[in-house]
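*Asks:* here's my sequence, what's the structure:
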Amino acid sequence: MHRIPRFGAALLACLALVAAAEAAPRRVFIAGDSTAADYPPERAPQQGWGARLQDFLDPAAWEVRNHAVNGRSARSFIEEGRLEPIARELRRGDVLLVQFGHNDAKFEDPTRYNDPEQAYPHWLMRYVETARARGATPILLTPVSRRVFSYRSLLDTHGRYAEAVRALARREEVALIDLNASSTDWLRALGDEASRPYFMHVPERGLADDTHFSETGATLVACLVVRGWKALDPALAAHVVRDTDCGAPPDALARRAGQAHPSQVVHEAGLARTQPGPHGGAGTTTAYPLFADAPGLPFVLRKRVLHKGAGIGLHPHEHDEIYYVLSGRGRYVVDGQVHEVGPGHAMLTRAGSTHAIEQAGEEDLVLLIAYPARPH
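*Replies:* Next up is the predicted model:
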């Protein structure tokens with residue numbers, strides 16, 4: 001039997017280890033406080049954004065290891081030895097996300113307090129040095145905003161601490177996700193009432209917590225984190241499995257105030273119009289012209305109910321049109337082909353075709369119809 005020399009066997013073993021390392025997913029570690037931490041099921045709906053981060057990342061490419069713990073500051077996390085297990089695992093290619101600030105500002109607790117000018121950046125730099133020493137990439141995050149509104153204005157509760165993180169990132173050339181800025185923009189755009197469900201407001205349990213997130217809020221903040229991370233590393237986008245079109249621009253309120261045509265909500269109850277079947281169709285229909293008076297819309301959207309025996313007669317099309325069946329049954333004829341349709345069917349008629357539709361059975365046929373608006 002042919003034997004492999006000992007140095008050859010060692011080389012093969014080394015190559016096997018390299019191949020295994022290359023095939024393994026990269027890891028992203030989180031060092032942080034309660035706003036990022038995992039929570040057991042009995043704490044539902046409370047959740048930290050770190051627990052939802054994996055939802056956005058392909059597990060074959062990235063593995064999330066969340067070490068965030070309730071109540072910790074940048075200082076107490078290290079003094080309790082919680083950075084050490086992260087340091088032991090970090091390897092080249094990993095990422096370390098660092099987000100503190102909520103507890104660093106607790107002046108009354110000397111075990112956690114860090115002044116924002118010196119102590120806070122000093123302790124944050126320990127995380128940066130630990131990651132860099134192991135070939136990993138540190139990313140600093142400014143503290144996520146609290147939901148504190150006064151007279152409809154969101155208050156800034158992290159000002160000096162957020163600025164300290166920004167200054168440290170500039171000075172030491174560390175990657176930065178300005179989560180305080182993005183979450184502030186998001187909360188201001190939502191407003192006081194609409195932002196409440198994203199936080200731990202649970203009246204039946206007597207909770208009105210404006211720091212910690214519900215699962216809905218944790219997911220949205222995780223989205224903001226990934227959006228910021230993608231901006232730092234565009235290559236990450238290939239491994240993101242959910243859209244990150246979340247949050248709001250800094251000028252969202254100004255844009256809203258300057259809208260020429262404000263958004264609106266209507267109810268069909270006041271819109272119903274009884275009409276004969278269009279295009280020579282039999283019977284009686286009820287039309288609901290949704291937003292017919294809204295200026296500037298590039299499309300027409302309407303609901304039409306074909307009552308028993310009613311139909312839309314055969315007619316040619318100069319534009320594309322979509323019918324969607326909400327309820328009832330009918331016969332849809334397009335270019336000589338007959339299709340039996342019911343709830344969930346969607347019918348696209350292209351320009352140049354002819355079509356007709358007839359109600360069938362005892363139940364009204366209810367359609368949602370969309371097509372391009374005619375230029376004025």
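*Asks:* can you list the weak-confidence ranges in the stretch 1-150 of the chain?
*Replies:* The model of the stretch 1-150 of the chain has pLDDT under 70 over residues 1-22.
*Asks:* what segments of it are strands?
*Replies:* 26-32, 46-47, 62-66, 95-99, 137-141, 149-150 (DSSP state E, counting those that start in this stretch).
*Asks:* do the stretch 251-376 of the chain as well
*Replies:* 273-276, 284-290, 299-306, 311-316, 321-327, 329-334, 337-341, 346-349, 354-360, 365-372.
*Asks:* mind checking which of these is nearest residue 209?
*Replies:* strand 284-290 (39.1 Å; CB to CB). Bear in mind the C-beta positions are built from the backbone N, C-alpha and C, glycine included.
*Asks:* so what are the sheet partners of the closest one and their directions?
*Replies:* strand 273-276 (antiparallel), strand 299-306 (antiparallel) (DSSP bridges).
*Asks:* residues contacting the first one, please?
*Replies:* Right, strand 273-276. Strand 273-276 is touched from outside by 283, 284, 285, 286, 287, 288, 289, with contacts defined as CB atoms under 8 Å, 6 or more residues apart in numbering.
*Asks:* quickly note the distance from the closest residue to residue 219 other than its chain neighbours to residue 94.
*Replies:* Spatial nearest neighbour of residue 219, excluding adjacent residues (CB to CB, 6 or more residues apart in numbering): residue 52 at 4.6 Å. Per CB to CB, to the nearest Å, residue 52 is found 20 Å from residue 94.
*Asks:* what about those two, which has more around it?
*Replies:* Legend: neighbour count by other CB atoms under 10 Å for residue 52 and residue 94, higher for residue 52 (25 against 21).
*Asks:* check contacts around that one.
*Replies:* 215, 218, 219, 221, 222.
*Asks:* sorry, back to before: for residue 252, find the nearest of the strands paired with strand 284-290.
*Replies:* The nearest among the strands paired with strand 284-290, by CB to CB, is strand 299-306 at 24.5 Å.
*Asks:* would you mark the buried spots in that closest one?
*Replies:* For strand 299-306, the buried set under the neighbour-count rule, 16 or more other CB atoms under 10 Å, comprises 300, 301, 302, 303, 304, 305, 306.
*Asks:* using CSV, write out the CA atom coordinates for it.
*Replies:* The C-alpha trace of strand 299-306 is given here as CSV (Å, rounded to 0.1, in the frame of the first residue of the first chain):
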residue,chain,number,x,y,z
PHE,A,299,-53.7,54.5,-12.5
VAL,A,300,-57.4,53.9,-11.9
LEU,A,301,-58.5,51.5,-9.1
ARG,A,302,-62.1,50.5,-8.6
LYS,A,303,-64.2,47.7,-7.2
ARG,A,304,-67.2,46.5,-9.3
VAL,A,305,-69.9,44.1,-8.1
LEU,A,306,-71.7,42.2,-10.8
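*Asks:* just the angle for that strand relative to strand 321-327, thanks.
*Replies:* If you take axes from the mean of the first three to the mean of the last three CA atoms, to 10 degrees, strand 299-306 sits at 40 degrees to strand 321-327.
*Asks:* list the contacts of strand 299-306.
*Replies:* 268, 277, 281, 283, 285-292, 312, 326, 328, 330, 357-359, 364-373.
*Asks:* please identify the most buried of the strands of the stretch 1-150 of the chain.
*Replies:* Most buried of the strands of the stretch 1-150 of the chain, by mean neighbour count (mean count of other CB atoms under 10 Å): strand 95-99, with a mean of 26.
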